[in-house]
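Asks: no sequence on this one, just coordinates:
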């Protein structure tokens, strides 16, 4: 690892590159002829200053259409560190995170966000690395009736905002099992539904199969006043077929609440969610936490190294990618932050019409090919010299 | 479009960023702690100097294993402009390109390449933009017995090199139909087989469905002395399910011979093939031509603009992406070039074992979901407020 810690790739480029080069580099890296800055009201930036979080705003435009009005939606993505020590009582830990994020949600409301989404398992430290069940399983709560959903329902209604939040779920009605789940709360404050993480990692510090199974909720798309929304939780971003099914079900924005660290995945981070936006003609919003989390007991990472109590910083870098291949710069690699993006959802269909990826996707071919490939006696299509 | 034309993103960063920042930026952008330079012998670099093409070499290492020896393979990727005016007789045009590329293949042989691949439709200008059939269809030749395959078979045998080349194919036995086809020639000089482009674009200047249909050859993987190879031709790189099927059939290196221009696709270029390498735990080699091609008759681009005789430069930028998410810098955006990469194919299985993307891909779920989604009466999984 380098000793030098970069806070922001974008700021580094802006600092060092001459204007003409910078413009071309940004075009190639971000797909933007001109960065579209969204102005954030002072009431929101003041909150950010006072509570020491980053706030950034960008816009994605679409061309005017004759038969549809623009469908402008403001989306807020929140990345944050935990607040208290992981040795504190869990209800106090959770409340401290609630209080921090409530302020960020208030800033999002001041900036007129219509939809917000949290990072993965936002009410807790990412304790799955420990593979200990106690006390971490006690963070789990019911998706519909749990305290966090109840708390956020009030904010959703008060701010007229769809709130998507990603928690450790306890399913009381099915044997008190635990799931990794995203909950969608309508802007009316009503619980709209949930989605359970479809793909569960078994890699390094992320042996989450210790706690929960692969999700059994399919690929739901939540039709809200502010567009058709879906959630691909964390490790599911490595699976293009997972992204694809949300697209086939009609998603216009797919959130990717995550928790991931630098050594493991940082070079993949800017690629996967953006590729999904391109391939599926929708917006994607990958969100990652920040900070280092120390746990009371030591644990190992399955990498031959000594036991330790943390696995290094989560690298934040939340961004938004658009169906046309462009993207926003990332939030900081280390600070709490709120990324606000105004997007015209009409861009999704415009890009579909232009590139034609849906028309040309040959779905029946792949349904059949995947079926064959999943059979035990599958013979790969191999050609050899005879 | 910017007036400033960047030759190389990588060189621009190297020129302007301080060393510590450069190292971190490269780690984030390319996924490399340290760039691994492959030394190229003088006999090859001399040819490059003399014939004015770029030559670059990189290495991807894998960790030593106990039960398998390293499987080092040197792969050459060739990007080039056409040579003569498109108004010259087509056999002269082809021969001039042959001669240029033969020199580049000789350089690849001097650098001990085991496998090389050309760009898409390498024997001709990318005339499909014109939507004219004559004389362009006369570039088409038989995959197995055509003059280009015959010429390359001799080189393949002489240099002990697998050669993959991408041509306009005429299938004489099936009604003289035309296809966009990649031909694989074994290092013995024997014709090994072919693959036909699976997904055909209908976008902007690339209305290739004027000339050929979607391929009917499935997703073959060619098992050679130098690894299991496959070819995803051009527009197929926008379709993750296409990349995926080559992976399911066992590919270790997937080439992506392409022809694409800046305004259309450059921000997508660095994303898609690299995402495929990550998602499928194999190496990918996207190759794009360079230069501006002027056609004798004017044509339109379906974009409301006036008729014209060229559609701007192909941007080259050939690179290689590895299963661990790292990648090489790109070749030039405008010069002919040969990119040589030495890769240990053992990395593919090592990454599979580490990340577990294959194990966790839930193929039966997606076979069933794709099947449902392709039925005319498909109802998307939508959740609304009641």
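Replies: Now that the structure is in, tell me what you want to look at. Fair warning: this is a prediction, and the values are worked out from it, not measured in the lab.
Asks: and the helices in chain A?
Replies: A:9-16, A:19-30, A:42-50, A:90-110, A:147-159, A:240-248, A:262-280, A:346-355, A:363-373 (DSSP state H).
Asks: next, the buried residues of the first one.
Replies: Spelled out, it's helix A:9-16. Of all the residues in helix A:9-16, those buried under the rule 16 or more other Cβ atoms under 10 Å in any protein chain shown are A:9, A:10, A:12, A:13, A:16. Backbone N, C-alpha and C define where each C-beta goes, glycine included.
Asks: go on, the second one?
Replies: For helix A:19-30, a neighbour-count test (16+ other Cβ under 10 Å) marks A:21, A:22, A:23, A:24, A:25, A:26, A:27, A:28, A:29, A:30 as buried.
Asks: list the contacts of it.
Replies: Under the contact criterion Cβ atoms under 8 Å, 6 or more residues apart in numbering or on different chains, helix A:19-30 has outside partners A:13-14, A:17, A:32-33, A:35, A:326-329, B:2-6, B:9, B:12-13, B:16, B:29, B:266-267, B:270.
Asks: what does the shortest one give?
Replies: If you take Cβ under 8 Å, 6+ apart as the criterion, helix A:9-16 is touched by A:6, A:22, A:25-26, A:29, A:329-330, B:16-18, B:21, B:24-25, B:28-29.
Asks: which pLDDT value belongs to residue A:1?
Replies: pLDDT for residue A:1: 39.
Asks: for residue A:344, give the beta-bridge partners.
Replies: residue A:72 (DSSP bridges).
Asks: that one against residue A:68, yeah?
Replies: No - counting by Cβ atoms under 8 Å, residue A:344 does not reach residue A:68; the two are 9.9 Å apart.
Asks: between the two, which has more neighbouring residues?
Replies: The residue with more neighbours, out of residue A:344 and residue A:68, is residue A:344; 21 against 13, by other Cβ atoms under 10 Å in any protein chain shown.
Asks: could I get the helices of chain A as JSON lines with mean pLDDT and distance to residue B:229?
Replies: Shown next, in JSON lines, are the helices of chain A (pLDDT from 0 to 100; distance: least, Cβ to Cβ, whole Å):
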{"stretch": "helix A:9-16", "mean pLDDT": "92", "distance to residue B:229": "34"}
{"stretch": "helix A:19-30", "mean pLDDT": "90", "distance to residue B:229": "29"}
{"stretch": "helix A:42-50", "mean pLDDT": "98", "distance to residue B:229": "52"}
{"stretch": "helix A:90-110", "mean pLDDT": "98", "distance to residue B:229": "49"}
{"stretch": "helix A:147-159", "mean pLDDT": "98", "distance to residue B:229": "50"}
{"stretch": "helix A:240-248", "mean pLDDT": "98", "distance to residue B:229": "21"}
{"stretch": "helix A:262-280", "mean pLDDT": "93", "distance to residue B:229": "23"}
{"stretch": "helix A:346-355", "mean pLDDT": "97", "distance to residue B:229": "28"}
{"stretch": "helix A:363-373", "mean pLDDT": "98", "distance to residue B:229": "19"}
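Asks: closest to residue B:121 among the buried residues of helix A:19-30?
Replies: residue A:28 (24.6 Å; Cβ to Cβ).
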